[in-house]
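Here is a sequence with its predicted model. Questions after.
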Amino acid sequence: MSVASSKKVRVRFAPSPTGYLHVGGARSALYNYLFAKQNKGQFILRIEDTDEARSTDDSLRMVMEDLQWLGLQWDEGPNPKTLEDLGNFGPYRQSRRLDLYKKYADELIATGKAYYCFMTDAEMDVQREALLKEGKSPHVESPYAEWTVEKARAKMSEGATAVVRFKTRHLRKDYVFTDLVRGEVKFPSDMVSDFVLLRSGGMPVYNFCNVIDDHLMQISHVLRAEEHLPNTLRQMMLYEAFGWELPLFGHMSLILDEDRKKLSKRKGATSCHEFKMEGYLPAALNNFMALLGWSHPEEKEIIPMEELIEKFSVHRLHPSGAVFDAVKLKWMNSVYLRALSDEQIWQELKPFLDRAHLDLPADSAWQKKSVSVFRSAMETLAESVELYRPLCDKSFVIQPEGEDTLKWEQAKPVLQAWKDLVEQEPNEFMTEERFLQIQDLVKEKSGCKGKFLFMPMRVAVIGKPHGTELKILVPLLKKTSLIERAKICLQKIS
RNA sequence: GUUCCCAUCGUCUAGCGGCCUAGGACACCUCCCUUUCACGGAGGAUACAGGGGUUCAAAUCCCCUUGGGAACGCCA
């Protein structure tokens, strides 16, 4: 099977804007983007917004924002700011191409390849159930298929509403095409019945717009998810009816949830936006998605974007569904995170810390130092919030388990010794070594050791007896903060 | 129900007839490092769905069974 097309490479990602970008869609976009870049072709963003009930401009902006966050910039499509068309094959929003679809539908009606159908939902339901009972496919068999256009128009002039259906009953043969990832696929024509082209309101339907747009936009390769495989038959029928050349199709595997069902919005994080908010790096998400159904020729796992573009190949697309393993994504994110410098990590972290209203020192030396001690403890940016929270004075509160610890008779001498020693410190911050020395001094002065030493001290610093090591936390806290916290605890005791 | 697609460790996968007593990655287990954890390092356990063929030789090709998924819409 050959990927080579006589046409120059033009691929598209065609989402319907109904919310944030889903990871399934994001992966489709990624693969199309990689393929376009590798072949010096065009990556087109086309908006399939013919479902008026669900499509909104807000959603469109969200999808574009997610795409841009991932770095998958399109060569043609709506301008992300103004929504105006960018490119010579527009409009790129199907809702702006309605006249075009109408024109082609009229052409099919005129040549007898499509017809007006007046069936009601109730009539179709009856038919469907009857067929299902007989063990047949629940196909519509419209009695209006052989009506003349004149007769139909007359009925419409009396106020009847009609959909336009494509006539399939004469097409008795197998439709065969070579899928880029699955090889030869054969569909019997009776797999579908007369399908709708134009809804009663005149709005076109997916399978119809898709064919017209892919043809008019000179799309060379259609790389889309496997759920569209059965649609290919309808589309082939349409290409045939118009006498147009077929693009090359490649249907990639579905992304599944842990129950091996198509990943749906109902379960866990499935949109790019959610991953962004949870603190995943776009590079990590891209890398991870690329590996869901595709593999590097040398089995590499950590693959930067440039290499993805260079090594991507439809031949290495895996045909079976892939379960979305959030744990592995997290690991991959940690790899990308740890590859960053302390400064870079701080920059990434800052929005998360700000959003959690943690006010931390603005001093860059402190920031770098804090990242250097926490960097190996987090896998996502959002996890940094709980790591940094104990460092923020405002969030210091004595937890219930901390209060229990303060009731111990050893608590008072430990805290008193700790506060006195810290007060004698000359510097704003103490080093880890100095802290360890002071800890020994506290032990000496209070006569307490083991958990009776460590736990009260920890409460004096973070408000609870368990948590991050003190030798890491204390050097990041100002002397004044340490004293203030110790005082709060001491007050609690007396 | 019908049609189509799919089938290697728990998960993502390598494998395109001999290099496979099946390799890598995540997760898991053990040990080392670390006076906790994490990071890091060294090991370990775990898979060709089943049955028939074809072949000197099958995880790889063919058929059947089973299992899973998707589609069958005036959603895309």
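Now that the structure is in, tell me what you want to look at.

Which positions within stretch A:439-456 qualify as buried?
Buried residues in stretch A:439-456, counting neighbours by 16 or more other C-beta atoms under 10 Å, are found at A:439, A:442-443, A:446, A:448, A:452-456. Bear in mind the C-beta positions are built from the backbone N, C-alpha and C, glycine included.

which of those residues lies closest to RNA strand B?
A:Gln439 (8.2 Å; C-beta to the nearest atom of the strand).

what helix or strand does the residue nearest to A:Gly19 when sequence neighbours are not counted sit in?
Distances taken as C-beta to C-beta, 6 or more residues apart in numbering place A:Ser59 nearest to A:Gly19, at 5.6 Å, with adjacent residues excluded. Element membership for A:Ser59 (DSSP states H and E) is helix A:57-70.

and that helix with RNA strand B, contact?
No. Helix A:57-70 stays clear of RNA strand B (C-beta under 7 Å from any atom of the strand), getting no nearer than 11.5 Å.

Alpha carbons only: can I get that helix in PDB?
Below are the C-alpha coordinates for helix A:57-70, written out as PDB (Å, rounded to 0.1, in the frame of the first residue of the first chain):
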ATOM      1  CA  ASP A  57     -18.300  30.200  19.000                       C
ATOM      2  CA  ASP A  58     -17.100  29.700  22.600                       C
ATOM      3  CA  SER A  59     -16.500  26.100  21.900                       C
ATOM      4  CA  LEU A  60     -14.600  26.900  18.700                       C
ATOM      5  CA  ARG A  61     -12.300  29.200  20.600                       C
ATOM      6  CA  MET A  62     -11.700  26.600  23.300                       C
ATOM      7  CA  VAL A  63     -10.800  24.000  20.700                       C
ATOM      8  CA  MET A  64      -8.400  26.400  19.000                       C
ATOM      9  CA  GLU A  65      -6.900  27.400  22.300                       C
ATOM     10  CA  ASP A  66      -6.200  23.800  23.100                       C
ATOM     11  CA  LEU A  67      -4.700  23.200  19.700                       C
ATOM     12  CA  GLN A  68      -2.400  26.100  20.100                       C
ATOM     13  CA  TRP A  69      -1.500  25.100  23.600                       C
ATOM     14  CA  LEU A  70      -0.300  21.800  22.100                       C
END
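
and the residue nearest to the spatial centre of chain A, what does it touch?
Central residue of chain A (C-alpha atoms, centre = their mean): A:Cys272, 2.5 Å from the mean position. By C-beta atoms under 8 Å, 6 or more residues apart in numbering, A:Cys272 lies in contact with A:20-23, A:26, A:66, A:69-70, A:285.

Tabulate those residues in a markdown table, adding columns for pLDDT.
Output for those, formatted as a markdown table (pLDDT from 0 to 100):
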| residue | pLDDT |
| --- | --- |
| A:Tyr20 | 90 |
| A:Leu21 | 93 |
| A:His22 | 93 |
| A:Val23 | 93 |
| A:Ala26 | 95 |
| A:Asp66 | 96 |
| A:Trp69 | 97 |
| A:Leu70 | 97 |
| A:Leu285 | 97 |
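
Considering those, which possesses the most neighbours?
Counting neighbours by other C-beta atoms under 10 Å, the top entry in the contacts of A:Cys272 is A:Ala26, with 28 neighbours.

isn't it right next to A:Trp69, touching?
No. Between A:Ala26 and A:Trp69 there is no contact under C-beta atoms under 8 Å: 9.8 Å.

Number of residues surrounding the residue nearest to A:Gly19?
Number of residues near A:Ser59 (other C-beta under 10 Å) recorded here: 19.

residue ranges with poor pLDDT in chain A?
Within chain A, the segments meeting pLDDT under 70 span A:1-6, A:135, A:265-268.

ok, and the closest non-adjacent residue to the residue nearest to the centre of chain A?
That would be A:Asp66: by C-beta to C-beta, 6+ apart, it lies 4.1 Å from A:Cys272.

Quick check: the residue of the stretch 351-494 of chain A nearest RNA strand B.
Using C-beta to the nearest atom of the strand, the closest approach of the stretch 351-494 of chain A to RNA strand B is made by A:Glu469 at 2.7 Å.

Can you name the residue of the stretch 251-400 of chain A nearest RNA strand B?
Residue of the stretch 251-400 of chain A nearest RNA strand B, by C-beta to the nearest atom of the strand: A:Ser320 (2.8 Å).

Near the closest residue to that residue other than its chain neighbours, how many other residues are there?
Leaving aside its sequence neighbours, A:Ser320 sits nearest to A:Ser253 (C-beta to C-beta, 6+ apart; 5.6 Å). Neighbour count for A:Ser253, taken as other C-beta under 10 Å: 19.

show me the contacts for A:Ser253.
A:181, A:225-226, A:292-293, A:317-322 are the contacts of A:Ser253 under C-beta under 8 Å, 6+ apart.

Secondary structure and neighbour count for those residues - can I get that in a markdown table?
Below are the contacts of A:Ser253 laid out as a markdown table (DSSP: H, G, I helix; E, B strand; the rest coil; neighbours: other C-beta atoms under 10 Å):
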| residue | secondary structure | neighbour count |
| --- | --- | --- |
| A:Val181 | coil | 20 |
| A:Ala225 | strand | 18 |
| A:Glu226 | helix | 19 |
| A:Leu292 | coil | 23 |
| A:Gly293 | coil | 22 |
| A:Leu317 | strand | 19 |
| A:His318 | coil | 14 |
| A:Pro319 | coil | 13 |
| A:Ser320 | coil | 9 |
| A:Gly321 | coil | 17 |
| A:Ala322 | strand | 19 |
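
Could you point out which of the residues you listed is nearest to A:Asn79?
Set against A:Asn79, the nearest of the contacts of A:Ser253 by C-beta to C-beta is A:Ala225 (26.5 Å).

Looks like the closest one contacts A:Val23 (just checking).
No. Judged on C-beta under 8 Å, A:Ala225 makes no contact with A:Val23 at a distance of 11.2 Å.

In the stretch 1-150 of chain A, which residue sits closest to RNA strand B?
For the stretch 1-150 of chain A, C-beta to the nearest atom of the strand, closest residue to RNA strand B: A:Glu48, 2.7 Å.

give me every residue that touches that residue.
A:14-16, A:94, A:206, A:209-210.

now with 6 Å?
Taking C-beta atoms under 6 Å, 6 or more residues apart in numbering, we find A:Glu48 in contact with A:14, A:16, A:94.

Which of the residues you listed sits closest to A:Glu484?
Closest approach to A:Glu484 among these (C-beta to C-beta): A:Ser16, at 55.3 Å.
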